[in-house]
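1. Structure here, sequence nowhere to be found:
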Ligand code: FES
Ligand SMILES: [Fe+2]
């Protein structure tokens, strides 16, 4: 049973125009948008879907206050869908939706949908650094910094993080019922999980938390590299959005990160350059703390430049 | 320019903005430390202006807006931390939903200057 990864996350929001503007400013492309909501796509067609929180078409949230209404995962073919339906049908309701997808629920109450993936294959080189001695260098005369104003787009929906009341039970469901494996673990917090059809360090991360906190902690898209991700975050912050944590680089997964507050009741992240692992990988375990969750952390500051015209003490006035 | 960060412990008050600029059901943040993050924000509900530190009780000092000055929910009935969605009563600062349920925002005392400016007073 090979699940490829996240195809979409569905949110119920207070204000469709506010959430729409936020996602467009983040870099996603609006598709089929109306006053009642719509879809915001990355380069490969994975997306965030939004609708007004009172929209009766939305599934119910797993807990009050959670704006994430459904997590949509992609698979390769209808045979896999049938396998998932049979497996989950053993002990819970599985509904077939009119678009061919199936809907059920995980052991924590999060609504899950499965569909033949919408992911469109694309080929677009990521960031390559000209490290002396490296066999992989940028083509000669190509630029590390793209021209000012170059559009930056998220490439694909990367991962979602859940607060769950019973983390062992939640992990067992994904591992035993849906074929995920644990790649690494934060003791006392929870596991990073990779589905059978992905090499990404994680598409899911579970954090044990009291029941009143149940919901999404954050979600994120992969960007083309650290410079692109940080440039995108910098533009986002300049538009008035609130940085929460970052930019920095995680240790487990090695992904560069930058987290922002959002109107989705959870953080939104931008990430880049995550490790890839296969079944040979032996999961590590670390205790969660400042030193284990990032290799470094930086803080945004307004641009300035030393030179004629700057006060004697530069920007440090 | 603000004279003083209300957290610095010094005695002068900080000049925020003309009182009339913050209308009913609106919020406004103030970056008194001038380091790119609001140190506090002011909300008007039921006609009354109240000041709060921009610091969520859930995670020590976490900034709360999702966009410049976006501290409230859509109908203005709650202050919201847009990190994990905690909701606070605008009258008391008490968290009524979310991870820091039952805990409160820290208030920043406000006074009105003779010229109609709102002043943030240092905490005693
Ligand atoms: S930091 Fe405010 S709700 Fe988590
Ligand atoms: Fe993340």
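-> All right, it came through fine. Remember, predicted model here, so these are calculated numbers, not experimental data. Ligands and ions are numbered 1, 2, ... in the order given.
2. which bits of the stretch 101-250 of chain A sit near chain B?
-> Within the stretch 101-250 of chain A, the residues that sit near chain B (Cβ under 8 Å from any Cβ of the partner chain) are A:209, A:212, A:213, A:215, A:217, A:239, A:240, A:241, A:242, A:243, A:244. (Each C-beta comes from the backbone N, C-alpha and C, glycine too.)
3. Verify the contact between the third one and residue B:100 for me.
-> Right, residue A:213. No - look at residue A:213 against residue B:100 with Cβ atoms under 8 Å: they stay out of range, at 9.5 Å.
4. Around the residue in the stretch 1-150 of chain A that ligand 1 sits nearest to, count how many other residues there are.
-> Using Cβ to the nearest ligand atom, the single residue of the stretch 1-150 of chain A nearest to ligand 1 is residue A:65, 10.0 Å away. Per other Cβ atoms under 10 Å in any protein chain shown, the neighbour tally for residue A:65 reads 18.
5. show me the contacts for it.
-> With contact set as Cβ atoms under 8 Å, 6 or more residues apart in numbering or on different chains, residue A:65 has these partners: A:215, A:265, B:85, B:87, B:97, B:98.
6. Could you rerun that using 10 Å?
-> A:212-215, A:265, B:84-87, B:97-99, B:101 (Cβ atoms under 10 Å, 6 or more residues apart in numbering or on different chains).
7. gap between it and residue A:12?
-> As judged by Cβ to Cβ, to the nearest Å, residue A:65 and residue A:12 stand 11 Å apart.
8. Between the two, which contacts overlap?
-> Common neighbours of residue A:65 and residue A:12 (Cβ under 10 Å, 6+ apart) are residue A:265.
9. Which positions in chain B make contact with chain A?
-> Proximity of chain B to chain A (Cβ under 10 Å from any Cβ of the partner chain) is limited to residues B:29, B:35-38, B:54, B:56, B:58-59, B:62-70, B:73-75, B:80-87, B:97-102.
10. Tell me the helix or strand right after the longest strand seen in chain A.
-> Assignment by DSSP state E gives strand A:3-13 as the longest strand of chain A. The helix or strand immediately downstream of strand A:3-13 is helix A:16-26, counting by DSSP states H and E.
11. and the helix or strand following that following helix, average pLDDT?
-> As assigned by DSSP H and E, the chain's next helix or strand after helix A:16-26 is strand A:29-34. For strand A:29-34, mean pLDDT is 96.
12. after strand A:29-34 comes which helix or strand?
-> Per DSSP H and E, the first helix or strand lying C-terminal to strand A:29-34 is strand A:37-41.
13. Pull up the pairing partners for that following strand, direction included.
-> strand A:29-34 (antiparallel), strand A:47-52 (antiparallel) (DSSP bridges).
14. Put together JSON lines for those, with mean neighbour count and distance to residue A:199 on each row.
-> Below are these laid out as JSON lines (neighbours: other Cβ atoms under 10 Å in any protein chain shown; distance: least, Cβ to Cβ, whole Å):
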{"stretch": "strand A:29-34", "mean neighbour count": "12", "distance to residue A:199": "26"}
{"stretch": "strand A:47-52", "mean neighbour count": "22", "distance to residue A:199": "21"}
